[in-house]
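Enquirer: just to be clear, the model below is a prediction. Sequence and coordinates:
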Amino acid sequence: MELHIPTQLAIFSISIILLTRSCSSSSLPWSSLSNLHPLVVDSALEHLNYTAISEFRLLNRRQILQCHDPNRYLQINVSGDTALKDEEYLTVKVTGVLVPADSDWVAMISPSNADVSDCPSNKARYAETGDLSNLPLLCHYPVKAQYLSKDADYLSCKKKECKKYKDGQCVVTTCGGTLTFHVVNIRTDIEFVLFAGGFATPCVLKKSNSLTFANPNQPLYGHLSSIDSTGTSMRITWVSGDKEPQEVQYGDGKSQTSEVSTFSQDDMCTGNVLHSPAKDFGWHDPGYIHSAVMTGLQPSTSYPYKYGSDSAGWSQQVQFRTPPAGGSNELKFLAFGDMGKAPLDDSVEHYIQPGSISVAKAVLDYVDSGNVDAIFHIGDISYATGFLVEWDFFLNLISPFASRVSYMTAIGNHERDYGGSGSMYSTPDSGGECGVAYETYFPMPTPAKDKPWYSIEQASVHFTVISTEHDWSENSEQYQWMKGDMASVDRSKTPWLVFTGHRPMYTSGSGGGADHKFLDAVEPLLLDNKVDLVLFGHVHNYERTCSVYQNECKAMPKKDQSGVDTYDHSNYSAPVQVVIGMAGFSLDNFLDEPSDWSLIRISKFGYFRGHATPEELQLEYVNAGTRKVEDIFRITR
């Protein structure tokens, strides 16, 4: 979700305070904005509102000072072998500290993509982020970082060591601290750097040795998707450091060779004057994305598979289930938007979605139950937003369930939007990715490159999946596609029509989030084609409407014998619209006086669950923390 005006103003004020406190006496004053090129000024002010969220997220605009520390006892060591596993927790031990400070911190960096030295040639690029302090600055963004005070014994110096004795007495004692870092295979080397001065005035004290992954080419992070409505083919997509084709082996001795793709810094979007994060300090090599289609399958059937090659290595064997074919009877699906990821350690990272871990765990548990045929993630996927290493951490988070059932996605503002990219919205929300990373990692059955809209039928449901970030106006290609797709649905075969995308038409979220132009242009198509259910994300809460059209309730649900709200679509009046953007990002509150069309409002992390038969849709909101159903409703025909 984009930041709206009140939030932007608040963050702007906080950012000014942070910058005032942290900039040196030689910092460029804000009054000097008037001396800059207008494009730089506009970009600096705009991006400040989107990037100045925390001290850590301002880190890549900090001047690197020289630490005047003659401490010869200082050491930073990392536990375990130098050959890293694909996923593990590393213990980073700092010893020999003479005077522990609450401003001491440790960063995990990837030396091939990050540089903790000065980079004077990049001065102008950092104006885009809104920080005009003295340059040069930290060249690239650390993967993650922790303050040493996370070790409760660090500041109190409970872990004392004597480093020097004189006449049998200790005359020099030092302190130490220990941190734990969760690491996944990002293919490039990593090292840990000890800084003093906090995030505002960092200086380098000590670096660890570089650590290499045991197999940088290891095939990882497999996730499935449907390619059509038959349930007889499934696409598996995975990541590897190896550019040579690999294969998926599945079923009883079948195999398919992968197609290999990737993207580079040159593929990232950027401004005419200033480089985007994806183009510059947020870049990390994505390796190679492999994709293969498993054919000759049966719908609603389980198969084993593994992917890789003898030279690069093989994944573990996984059991997956194909979705039901379009026109069959029963579908059980999950849906949510705005998930992202959060660290599995005490680190701070570029962008953290605090509810993502609990929701991912709840989704995995439900997939384990065997009651899920497909998952729909409707926009704001990883929130990498130009910091490409975040994709690896997100894929690692979802792979345990996305590798077992069809994981269908829609594009959101944090995957696509950037100024000058052709998006419907000029916000810099994708950090310069402009949909390139998203479409490479998540190949959907779309008509062409940068046309991420499609439809899929599973059992009795026809899903129309659109891009709210691409042109949806009446004369656009996507509008004509939507119109044709929904008009062509055979309601005797798939009686339920579900329309989904990222930005909502209706929301009572206190920060707004609905685009009335989008509603005016597209809502009539929903009514014309008798859409039953509309699912959107973008606003980070859960909200269900009446049967709504043009901001008016055209019908209200009635309670059945169990007290469940039931919408009778045998006498169709308008769609039911539901916002389901509560899967990870910090939650949004609601207006004190919502509109009459808003029936249920829940601001808690969770997921949406559907059970479709030809006769009814049963739909539920599940609280990820308690696993309790906190809203349930039915649509009947």
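Expert: Arrived safely.
Enquirer: quickly list the domain ranges of this structure.
Expert: 54-213, 219-636 (the TED database).
Enquirer: is the spatially closest residue to Gly96 that is not a sequence neighbour in a helix, a strand, or coil?
Expert: By the measure of Cβ to Cβ, 6 or more residues apart in numbering, the closest residue to Gly96 outside its immediate chain neighbours is Tyr73, 3.3 Å from it. Any C-beta I mention is one placed from the backbone N, CA and C, and that applies to glycine too. Under the three-state scheme (DSSP: H, G, I helix; E, B strand; the rest coil), the conformation of Tyr73 reads as coil.
Enquirer: in the chain, where is pLDDT below threshold?
Expert: The chain contains residues with pLDDT under 70 at 1-54, 58-64, 81, 113-139, 272-274.
Enquirer: before we move on, the earlier item: dump the domains of the chain to a markdown table, plus mean neighbour count.
Expert: A markdown table is the format used below for the domains of the chain (neighbours: other Cβ atoms under 10 Å):
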| stretch | mean neighbour count |
| --- | --- |
| domain 54-213 | 18 |
| domain 219-636 | 20 |
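Enquirer: list the contacts of the residue nearest to Gly96.
Expert: Each residue near Tyr73 by Cβ atoms under 8 Å, 6 or more residues apart in numbering is listed here: Thr95, Gly96, Leu98, Lys163, Val172, Thr174.
Enquirer: which two in those residues are spaced the farthest apart?
Expert: Within the contacts of Tyr73, Thr95 and Val172 form the most distant pair, 13.0 Å apart (Cβ to Cβ).
Enquirer: using PDB, list the CA coordinates for the longest strand along the chain.
Expert: When secondary structure is assigned using DSSP state E, the longest strand within the chain turns out to be strand 169-184. Listed in PDB are the C-alpha atoms of strand 169-184, where the atom choice follows Å, rounded to 0.1, in the frame of the first residue of the first chain:
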ATOM      1  CA  GLN A 169      47.300  -8.800  38.300                       C
ATOM      2  CA  CYS A 170      45.000  -8.200  35.400                       C
ATOM      3  CA  VAL A 171      45.400  -4.600  34.100                       C
ATOM      4  CA  VAL A 172      43.400  -4.800  30.900                       C
ATOM      5  CA  THR A 173      40.000  -6.500  30.700                       C
ATOM      6  CA  THR A 174      37.700  -6.600  27.700                       C
ATOM      7  CA  CYS A 175      34.000  -7.300  27.100                       C
ATOM      8  CA  GLY A 176      32.200  -9.200  24.400                       C
ATOM      9  CA  GLY A 177      28.800 -10.000  23.000                       C
ATOM     10  CA  THR A 178      27.200 -12.700  20.900                       C
ATOM     11  CA  LEU A 179      24.500 -12.400  18.200                       C
ATOM     12  CA  THR A 180      22.600 -15.000  16.200                       C
ATOM     13  CA  PHE A 181      21.900 -14.300  12.500                       C
ATOM     14  CA  HIS A 182      19.500 -16.300  10.300                       C
ATOM     15  CA  VAL A 183      21.200 -16.900   6.900                       C
ATOM     16  CA  VAL A 184      19.800 -18.300   3.700                       C
END
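Enquirer: okay, now the sheet partners of it, with direction.
Expert: Here the strand partners of strand 169-184, with direction, are listed using DSSP bridges: strand 87-97 (antiparallel), strand 161-166 (antiparallel).
Enquirer: which residues sit against the helix or strand that comes right after it?
Expert: Counting by DSSP states H and E, the next helix or strand C-terminal to strand 169-184 is strand 191-196. Judged by Cβ under 8 Å, 6+ apart, the contacts made with strand 191-196 from elsewhere in the structure are 67, 69, 74, 76, 78, 92, 94, 101, 103-111, 116, 142, 181, 202-211.
Enquirer: which residue is nearest the centroid of this structure?
Expert: The structure's the chain has its C-alpha centroid closest to Ser382; by Cα atoms, centre = their mean the separation is 1.4 Å.
Enquirer: list the residues that contact that one.
Expert: Ser382 makes contact with Gly340, Lys341, Glu390, Trp391, Phe393, Phe394, Leu395, according to Cβ under 8 Å, 6+ apart.
Enquirer: mind doing that once more with 6 Å?
Expert: Contacts for Ser382 were tallied using Cβ atoms under 6 Å, 6 or more residues apart in numbering; they are Glu390, Trp391, Phe394.
Enquirer: now it. Nearest residue, chain neighbours left out?
Expert: Spatial nearest neighbour of Ser382, chain neighbours left out: Phe394 (3.6 Å); criterion: Cβ to Cβ, 6+ apart.
Enquirer: circling back: tell me the one of the contacts of Ser382 nearest Glu247?
Expert: Looking across those and measuring by Cβ to Cβ, the closest to Glu247 is Trp391, at 23.1 Å.
Enquirer: hmm, the closest one is touching Ala384, no?
Expert: Yes - because the distance of 5.0 Å satisfies Cβ atoms under 6 Å, Trp391 is recorded as touching Ala384.
Enquirer: for Val363, pull up the helix or strand it's in.
Expert: Taking DSSP H and E as the definition, one finds Val363 inside helix 356-368.
Enquirer: C-terminal to that helix, what's the next element?
Expert: strand 374-378.
Enquirer: got the angle for that next one vs helix 356-368?
Expert: Taking axes from the mean of the first three to the mean of the last three Cα atoms, to 10 degrees, one finds strand 374-378 and helix 356-368 inclined to each other by 160 degrees.
Enquirer: list the neighbouring strands of strand 374-378 plus their orientation.
Expert: Counting by DSSP bridges, the strands paired with strand 374-378 are strand 331-336 (parallel), strand 406-410 (parallel).
Enquirer: which one of these lies nearest to Leu224?
Expert: Shortest separation from Leu224 across the strands paired with strand 374-378 is recorded for strand 406-410, at 5.5 Å, computed as Cβ to Cβ.
Enquirer: got the CA positions of the helix or strand that comes right after that closest one in PDB?
Expert: Proceeding N to C from strand 406-410, the next assigned helix or strand is helix 413-416, under DSSP H and E. What follows is helix 413-416 as a C-alpha-only set of coordinates in PDB (Å, rounded to 0.1, in the frame of the first residue of the first chain):
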ATOM      1  CA  ASN A 413       2.200  -1.400  -6.400                       C
ATOM      2  CA  HIS A 414       5.300  -2.600  -4.600                       C
ATOM      3  CA  GLU A 415       6.200  -4.800  -7.500                       C
ATOM      4  CA  ARG A 416       5.400  -2.400 -10.400                       C
END
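Enquirer: rewinding a little: what lies in contact with the longest strand of the chain?
Expert: Taking contacts as Cβ under 6 Å, 6+ apart, the residues outside strand 169-184 that touch it are 73, 87-98, 100, 106, 108, 146, 148, 150-151, 154, 157, 159-164, 344-345, 392, 396.
Enquirer: correct me, but Glu543 touches Arg601?
Expert: Yes - Glu543 lies in contact with Arg601 (Cβ under 6 Å); the separation is 5.1 Å.
Enquirer: so what touches the helix or strand hosting Val622?
Expert: Of the helices and strands defined by DSSP H and E, Val622 is found in strand 616-623. The contact list for strand 616-623 (Cβ under 6 Å, 6+ apart) reads 496, 542, 604, 606-611, 629-636.
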